[in-house]
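Trainee: Provided below are the primary sequence and the corresponding predicted coordinates.
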Amino acid sequence: MLLQIGECESRVVAGTADAARDHWSLPLGAGAIGGQPFRHDPPAPIDLENAIAVVEDALVPLAKAWTRPAALLVSGESVGPLVTQLSAGQSEASVTRDAVENLFQMMVARASLGVAGGGEASSERVSPSTLLILREFLHHLGFDAAHLVPRLSGPAPHGQSDLPRI
């Protein structure tokens, strides 16, 4: 399964490297969840709760419609800083469900305390929306890890899949 996280929506493609079987477009992006950006930095606890509900609602049809693929592949500009932070020191660009959950819990703790998002440059900051989307995919669709793939652009030629070979 390939998850491409865009700014305002995400695209999900399920299938094999030779043929995409199913496509979904979800109103979940690095800059907005369900069309709404987080209003605070860090997001307020109620904003996180509402966003979790929106993401879970978007994932229900996916969870019912797919047969468990072997891997979750993730692409998108907002994914790079997340993977860089979570896979520091590892040779592969992959993240475990536990590592994503730990980072999410740190974000929740900062939100509860009202602590600002840190001093990273904006291009290096982990998007709270991206972190939340990835967390919910890992939890609700039963993946143990996610693997970063190079940014993919545009739809694949007719009859071909844009899923990378793994």
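Mentor: Received the coordinates, thanks.

Trainee: so where is the protein shaky, pLDDT-wise?
Mentor: 16-20, 67-69, 87-92, 115-124, 150-166 (pLDDT under 70).

Trainee: ranges for the strands of it?
Mentor: With strands called from DSSP state E, the chain shows them at 2-5, 10-15, 20-26, 72-75, 94-96, 145-148.

Trainee: put together TSV for those, with mean neighbour count and distance to residue 34 on each row.
Mentor: For every residue, glycine as well, the C-beta is placed using N, CA and C. Below are those laid out as TSV (neighbours: other C-beta atoms under 10 Å; distance: least, C-beta to C-beta, whole Å):
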stretch	mean neighbour count	distance to residue 34
strand 2-5	24	14
strand 10-15	20	12
strand 20-26	15	9
strand 72-75	22	20
strand 94-96	19	24
strand 145-148	20	21
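
Trainee: can you list these in CSV and add distance to residue 110?
Mentor: Output for these, formatted as CSV (distance: least, C-beta to C-beta, whole Å):
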stretch, distance to residue 110
strand 2-5, 21
strand 10-15, 24
strand 20-26, 26
strand 72-75, 23
strand 94-96, 19
strand 145-148, 22
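
Trainee: so which of these comes closest to residue 66?
Mentor: Closest approach to residue 66 among these is made by strand 10-15 (5.1 Å; C-beta to C-beta).

Trainee: of all residues in the chain, which one is nearest the centre?
Mentor: Against the mean C-alpha coordinate of the chain, by C-alpha atoms, centre = their mean, the closest residue is residue 134 at 3.1 Å.

Trainee: mind listing what that one touches?
Mentor: 3, 5, 74, 79, 82, 95, 100, 146 (C-beta atoms under 8 Å, 6 or more residues apart in numbering).

Trainee: show me which of these is closest to residue 14.
Mentor: Using C-beta to C-beta, these come closest to residue 14 at residue 3, 10.0 Å.

Trainee: got the contact list for that closest one?
Mentor: Residue 3 neighbours (C-beta under 8 Å, 6+ apart): 10, 11, 12, 72, 73, 74, 75, 76, 133, 134, 137, 146.

Trainee: tell me the contacts of the third one?
Mentor: With C-beta under 8 Å, 6+ apart as the criterion, the residues that contact residue 12 are 1, 2, 3, 4, 22, 23, 24, 25, 26, 62.

Trainee: ditto for the first one
Mentor: With contact taken as C-beta under 8 Å, 6+ apart, residue 10 is in contact with 3, 4, 25, 26, 28, 29, 76, 133.

Trainee: does the fifth one really touch residue 55, like I thought?
Mentor: Right, residue 28. Yes: shown here, residue 28 and residue 55 form a contact pair, counting by C-beta atoms under 8 Å, at 5.8 Å.
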